[in-house]
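# Structure for the following, please:
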Amino acid sequence: MNDERLTVSEAAVDTDPRQPEQPARPEQPGRPEQAGKRKRRGPGLFTLLLLPGLVTVTGVAAFLALTGGLPSPWPEDSDTNRAATADIDPSYVPWLRKAASACTILEPSLLAAQIDQLSGWSDDTDALSGQKGIAAFTDTEWRTWGRDDDGNGHSSPRDPADAIMALGRQDCSLAGKVTELRTEGRVNGDLVDLTLAAYSSGTDAVTEAGRVPPTARTYLAEVEALLPRYEALDRAESGGGAGGAAGALLTAPVSPLTITSPYGSREHPLTGVTKLHTGVDFAAPQGARVVAARQGRVVFAAPTSAYGNRIVIDHGTIEGKRLETTYSHLSALEAAVGQTVEAGTPIGRVGSTGLSTGPHLHFEVVLDGYYTDPRPWLVTGG
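Numbering: from 1, shown residues only. Just a heads-up that it's a prediction; the model follows:
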């Protein structure tokens, strides 16, 4: 069957080719026909009215395609529009920020990326796993972490505000556990990575591996890939971070300050593994006195497998960030947990305990849970 379509050129002709040809009519008196000629009339209604409109629409469409469309009358830098770009209900943003404020390692973007990985922001129930809501809590998990955070009279994993706050509590609890493990020298790695690994595989798996276990690497990669989508949710930090906070605020823990291995990536002399050397090694003879670098409170003082005899001092906050210093491989511990010390207070003796090739002090500066180069913090010459 022929599929004949009406074209613009055909529409300009009065005769419609889709209509069957009409039989010739007999000549009527008073209406003589001119032999060999057909009578033509002017342009039809379609040509006069629709064709100019069609040409105009086509031209406008081509212009928009070249210029990228009409400008938006709405500003593009508001939290609401950024959240919409990342497919977040704008009402979730204050809860993401409140949940992240519960501990120092969390950012709103991290919680948002987790939720995206867990559920894609869908609150559908997974019938097989029993997970519910945007943060994918099971009933058992919810009994531990869930609360009525928005005060609407009931606590539910299907309530986005409750779910976001519960996930923040869970993450902060895990962050506290892995921080203790790292302080004790039982695990190594970035605190955020270790926290996500503990969420994915459990703290036992992290402890057994001593780092991020292989079972958690896929989860970490998926969350990290989503983070850039949500960076606009993070509050702007005042100040210059670790570099801005530093500035010769610590006295020398040993004297003189002779560096044998600086902060940074290196091959471990015993294990042969290349990784971040999280502090600075200062040369010192066996039994040399080690002192506190700043006033603070001793929060850890005990033997560890990798660091040997180790002391950790909490110095409180500087520009809103918590500052800690660590002293490792000691031959003797001369301070106890809970003790308050001043800068220069003796806390131990240089040694070679743990994974060490000889007497020295391994000294670290930890700012808000992250290792930083100790050298800018130290007063030159002690």
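
# My read is that Thr260 contacts Ala284, right?
No: using C-beta atoms under 8 Å, Thr260 is not in contact with Ala284; the gap is 9.6 Å. Placement of C-beta: from N, CA and C, glycine included.

# out of those two, which sits in the more crowded spot?
Set Thr260 next to Ala284 and count neighbours by other C-beta atoms under 10 Å: Ala284 wins out with 22 against 13.

# nearest spatial neighbour of Thr345, skipping sequence neighbours?
If the residues on either side of it in the chain are set aside, Thr345 comes closest to Ala292, at 4.7 Å by C-beta to C-beta, 6 or more residues apart in numbering.

# these two touch, right, the one you found and Thr340?
No: using C-beta under 8 Å, Ala292 makes no contact with Thr340, being 9.8 Å away.

# Who has more neighbours out of those two?
Legend: neighbour count by other C-beta under 10 Å for Ala292 and Thr340, higher for Ala292 (26 against 12).

# what separates the more buried one from Leu167, distance-wise?
In this view, Ala292 and Leu167 are 38 Å apart by C-beta to C-beta, to the nearest Å.

# hey, which helix or strand in this protein has the poorest pLDDT?
helix 8-11 (a mean of 36; mean pLDDT, DSSP states H and E).

# rewinding a little: please identify every residue contacting each of Thr260 and Ala284.
His360 (C-beta atoms under 8 Å, 6 or more residues apart in numbering).

# who's in contact with the residue nearest to Thr345?
For Ala292, the contact set (C-beta under 8 Å, 6+ apart) comprises 253, 313, 325, 335, 341-345, 347.

# which one among those gets closest to Glu224?
Comparing the contacts of Ala292 against Glu224 with C-beta to C-beta places Thr325 closest, at 29.3 Å.

# secondary structure class for the closest one?
strand (DSSP: H, G, I helix; E, B strand; the rest coil).

# how close does the closest residue to Asp373 other than its chain neighbours get to Val280?
For Asp373, ignoring the flanking residues on the chain, the nearest one in space by C-beta to C-beta, 6+ apart is Tyr263 at 4.2 Å. Distance, Tyr263 to Val280, using C-beta to C-beta: 5 Å.

# Find the residues that touch each one of these two.
Jointly contacting Tyr263 and Val280 under the rule C-beta under 8 Å, 6+ apart are 373-375.

# Helices - which of the residues you listed land there?
Among the shared contacts of Tyr263 and Val280, DSSP state H puts none in helices.

# Show me which of the residues you listed is closest to Thr207.
After measuring those against Thr207 - C-beta to C-beta - the closest member comes out as Pro374, at 26.9 Å.

# Now for that closest one: which residues touch it?
Contacts of Pro374 (C-beta under 8 Å, 6+ apart): 250, 263, 279-280, 325, 363-365.

# Make JSON lines from these and add distance to Ser356 and pLDDT to it.
Putting those into JSON lines (distance: C-beta to C-beta, whole Å; pLDDT from 0 to 100) gives the following:
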{"residue": "Leu250", "distance to Ser356": "23", "pLDDT": "90"}
{"residue": "Tyr263", "distance to Ser356": "17", "pLDDT": "86"}
{"residue": "Gly279", "distance to Ser356": "13", "pLDDT": "91"}
{"residue": "Val280", "distance to Ser356": "14", "pLDDT": "93"}
{"residue": "Thr325", "distance to Ser356": "19", "pLDDT": "97"}
{"residue": "Phe363", "distance to Ser356": "13", "pLDDT": "97"}
{"residue": "Glu364", "distance to Ser356": "15", "pLDDT": "95"}
{"residue": "Val365", "distance to Ser356": "20", "pLDDT": "93"}
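
# List phi and psi for Ala205.
Backbone torsions of Ala205, given as degrees, to the nearest 10, read phi -70, psi -40.

# For the stretch 151-300 of the chain, just list every one of the helices.
160-183, 191-201, 203-209, 214-226, 241-245 (DSSP state H, counting those that start in this stretch).

# Dump the ones you listed into JSON lines; add mean pLDDT as well.
Shown next, in JSON lines, are the helices of the stretch 151-300 of the chain (pLDDT from 0 to 100):
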{"stretch": "helix 160-183", "mean pLDDT": "93"}
{"stretch": "helix 191-201", "mean pLDDT": "95"}
{"stretch": "helix 203-209", "mean pLDDT": "95"}
{"stretch": "helix 214-226", "mean pLDDT": "95"}
{"stretch": "helix 241-245", "mean pLDDT": "38"}
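
# what about the stretch 201-350 of the chain, any weak spots by pLDDT?
By pLDDT under 70, the low-scoring segments of the stretch 201-350 of the chain are 235-248, 266-275.

# So for the nearest residue to Leu118 once chain neighbours are set aside, what's the pLDDT?
Nearest residue to Leu118 in three dimensions, chain neighbours excluded: Ala136, at 4.2 Å (C-beta to C-beta, 6+ apart). Turning to Ala136, the model gives it a pLDDT of 91.

# try the one 5 residues further on
Looking at Glu141, its pLDDT stands at 93.

# what are the C-alpha coordinates of the helix or strand hosting it, in CSV please?
Assigned by DSSP states H and E, Glu141 falls within helix 139-145. C-alpha atoms of helix 139-145 as CSV (Å, rounded to 0.1, in the frame of the first residue of the first chain):
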residue,chain,number,x,y,z
ASP,A,139,15.2,-3.5,62.1
THR,A,140,18.1,-4.8,64.3
GLU,A,141,20.3,-1.9,63.3
TRP,A,142,17.5,0.6,63.8
ARG,A,143,17.0,-0.5,67.4
THR,A,144,20.6,0.5,68.0
TRP,A,145,20.9,3.7,66.0
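
# Fine, thanks again, bye for now.
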